[in-house]
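# Fold the following for me, if possible:
(2 chains)
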Amino acid sequence: GDSVTQMEGPVTLSEEAFLTINCTYTATGYPSLFWYVQYPGEGLQLLLKATKADDKGSNKGFEATYRKETTSFHLEKGSVQVSDSAVYFCASNFGNEKLTFGTGTRLTIIP
Amino acid sequence: DTGVSQNPRHKITKRGQNVTFRCDPISEHNRLYWYRQTLGQGPEFLTYFQNEAQLEKSRLLSDRFSAERPKGSFSTLEIQRTEQGDSAMYLCASSLSQGRNTEAFFGQGTRLTVV
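Next comes the predicted model:
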């Protein structure tokens, strides 16, 4: 069936380091892809999205490109900050508007 | 609008008791979703409504679970005869249906602990 596989954590980085969190999907069609973030004590928030191949979603310095050839949507940020510490979820919408989530990656940034 | 609101935020109940959670979506949103999240996992889809109609239920939703959205506004999720395995975070989300561009907005969740 359709699914999302996400890089397992936790991930610990120093401030200003480069971040990559891997996400791949399996699907019979072409889903819309999302990254959600959950800050401590808060609900899930949409970070960025892409709805078709080669689209790049971006927000708050984070970017992810929809790669049809590798079925991937990896999250990247060039220079992370302590305030980026959170749990990040990759998700897909396979056309029926309900989301399928990965298992989440806990990111901790140390000063 | 203050976003999606869920009540209560925390619920501790004894095994075998019934519990009910409430979700108030963003007012103009026609779709409302329930998800369940267990520790170390991503949210898993349970069910969703378009207006007052329940359009899909996951196989995860046993017959002890029932959800309603009586007037197409707020929704309730009831769990009857709770079991320890029901302990989880229950998340509600709402959206304005836009196909592939649909953005779901999540509440902060209700954490259920069954003892």
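
# Residue numbers of chain A in contact with chain B?
By CB under 8 Å from any CB of the partner chain, the residues of chain A that approach chain B are A:4, A:6, A:32, A:36, A:42-46, A:49, A:51-52, A:89, A:91, A:93, A:95-104. (Each C-beta comes from the backbone N, C-alpha and C, glycine too.)

# Of all residues in chain B, which one is closest to chain A?
Residue nearest to chain A within chain B (CB to the nearest CB): residue B:42, separated by 3.2 Å.

# Tell me how many other residues crowd that residue.
When neighbours are defined as other CB atoms under 10 Å in any protein chain shown, residue B:42 has 21 of them.

# By mean pLDDT, which helix or strand of chain B comes out lowest?
Least confident helix or strand of chain B, by mean pLDDT, DSSP states H and E, is strand B:53-57 with a mean of 92.

# quick check, that one touching chain A?
Yes - shown here: strand B:53-57 in contact with chain A (CB under 8 Å from any CB) through residue B:56.

# ok so, going back, in strands, which of the residues of chain A next to chain B appear?
A:4, A:6, A:32, A:36, A:45-46, A:49, A:89, A:91, A:93, A:99-101 (DSSP state E).

# Show me what the strand or helix carrying residue B:46 is packed up against.
Taking DSSP states H and E as the definition, residue B:46 sits inside strand B:44-50. Contact partners of strand B:44-50 among helices and strands, from 3 or more CB pairs under 8 Å, 6 or more residues apart in numbering or on different chains; DSSP states H and E: strand A:99-101, strand B:31-37, strand B:53-57, strand B:65-68.

# For residue B:25, which of those is the nearest?
strand B:31-37 (5.0 Å; CB to CB).

# Is there any residue in that closest one that contacts chain A?
Yes - contact of strand B:31-37 with chain A (CB under 8 Å from any CB) involves B:31, B:33, B:35.

# Including mean neighbour count, could the helices and strands packed on strand B:44-50 go into a markdown table?
Below are the helices and strands packed on strand B:44-50 laid out as a markdown table (neighbours: other CB atoms under 10 Å in any protein chain shown):
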| stretch | mean neighbour count |
| --- | --- |
| strand A:99-101 | 24 |
| strand B:31-37 | 24 |
| strand B:53-57 | 13 |
| strand B:65-68 | 18 |
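
# Give me the nearest residue to the spatially most central residue of chain B, chain neighbours excluded.
Residue closest to the mean C-alpha point of chain B, counted by CA atoms, centre = their mean, is residue B:34 at 3.1 Å. With CB to CB, 6 or more residues apart in numbering or on different chains as the measure, residue B:46 is the residue that lies nearest to residue B:34, at 4.3 Å, once sequence neighbours are left out.

# how about that neighbour, what does it touch?
B:33-36, B:57-58, B:60-61, B:65, B:67, B:77 (CB atoms under 8 Å, 6 or more residues apart in numbering or on different chains).

# What pLDDT does the model give the residue nearest to the centre of chain B?
According to the prediction, residue B:34 has pLDDT 97.

# and if you look at residue A:108?
For residue A:108, the model assigns a pLDDT of 97.

# quick one: contacts for the nearest residue to residue B:51 once chain neighbours are set aside?
Excluding the flanking residues, the one nearest residue B:51 by CB to CB, 6+ apart is residue B:72, at 4.0 Å. Neighbour list for residue B:72: B:30, B:49, B:51-52 [criterion: CB under 8 Å, 6+ apart].
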